[in-house]
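In: Below is the sequence, then the predicted model.
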Amino acid sequence: MPETQAWILKPAFIFLGAGAGGLLRYWLGGMIQAWWGPTFPLGTLVVNVSGCLVMGFLAAAWYGPILVRDDLRATVLIGILGGYTTFSTFGRETLSLAHDGEWGRASLYVLGSVVLSLVGVWFGSVIAGKFYGTGAP
């Protein structure tokens, strides 16, 4: 693909892939949650773990023995899997740091991602509570 087209098409493919991934997450997560019931977020857990499994497999294959066009790789790994679950990217990046022997950075990334994300959700709910008079969900 000529470079003049790549700067337009690659983001468009990522955009479309993210929509497809989001719909897949909605459908599969909702189906599992409806089957399981409201006692535990099993639908989200299955989506996150399956997204990480697929991300690990495809990233290892497509950056290794199977060469895939960059636009296809971006569409699937960033778009579809990013829309399906950003947890898959988090898992791949953590594994990459660990694989490179960067255990301190990997640990900091895991701890920072989990703690700061939870703080962000909490703080966002506090801000919404101030604006709308609601409590945290």
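Out: That came through, no problem.

In: what separates the residue sitting nearest the centre point of the chain from residue 18, distance-wise?
Out: Closest to where the C-alpha atoms of the chain average out (CA atoms, centre = their mean) is residue 86, at 1.2 Å. The gap separating residue 86 from residue 18 is 10 Å, by CB to CB, to the nearest Å. For every residue, glycine as well, the C-beta is placed using N, CA and C.

In: again, but for residue 12
Out: The value you get for residue 12 to residue 18, if CB to CB is used, is 11 Å.

In: cool, and residue 112?
Out: Applying CB to CB to residue 112 and residue 18 gives a distance of 24 Å.

In: Of these two, give the one with the bigger neighbour count.
Out: Applying other CB atoms under 10 Å to residue 112 and residue 18 shows that residue 18 carries more neighbours, namely 18 against 11.

In: Any buried residues in the helix ranked longest in the chain, and which?
Out: Identified as the longest helix of the chain according to DSSP state H is helix 3-36. By neighbour count with 16 or more other CB atoms under 10 Å, helix 3-36 contains the buried residues 10, 13-14, 17-18, 20-22, 24-25, 29, 32-33.

In: and what of stretch 128-135?
Out: So, applying 16+ other CB under 10 Å, stretch 128-135 has no buried residues.

In: what's the answer for stretch 70-82, then?
Out: 71, 73, 74, 75, 76, 77, 78, 79, 80, 81, 82.

In: quick revisit: can you put the buried residues of helix 3-36 in TSV and add distance to residue 116 and pLDDT?
Out: Output for the buried residues of helix 3-36, formatted as TSV (distance: CB to CB, whole Å; pLDDT from 0 to 100):
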residue	distance to residue 116	pLDDT
10	30	92
13	30	96
14	25	96
17	27	97
18	23	97
20	29	98
21	24	97
22	23	96
24	27	97
25	22	95
29	23	93
32	27	95
33	26	93
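
In: would a markdown table of those with distance to residue 128 be doable?
Out: Output for these, formatted as a markdown table (distance: CB to CB, whole Å):
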| residue | distance to residue 128 |
| --- | --- |
| 10 | 35 |
| 13 | 34 |
| 14 | 29 |
| 17 | 30 |
| 18 | 25 |
| 20 | 29 |
| 21 | 26 |
| 22 | 22 |
| 24 | 28 |
| 25 | 23 |
| 29 | 23 |
| 32 | 28 |
| 33 | 23 |
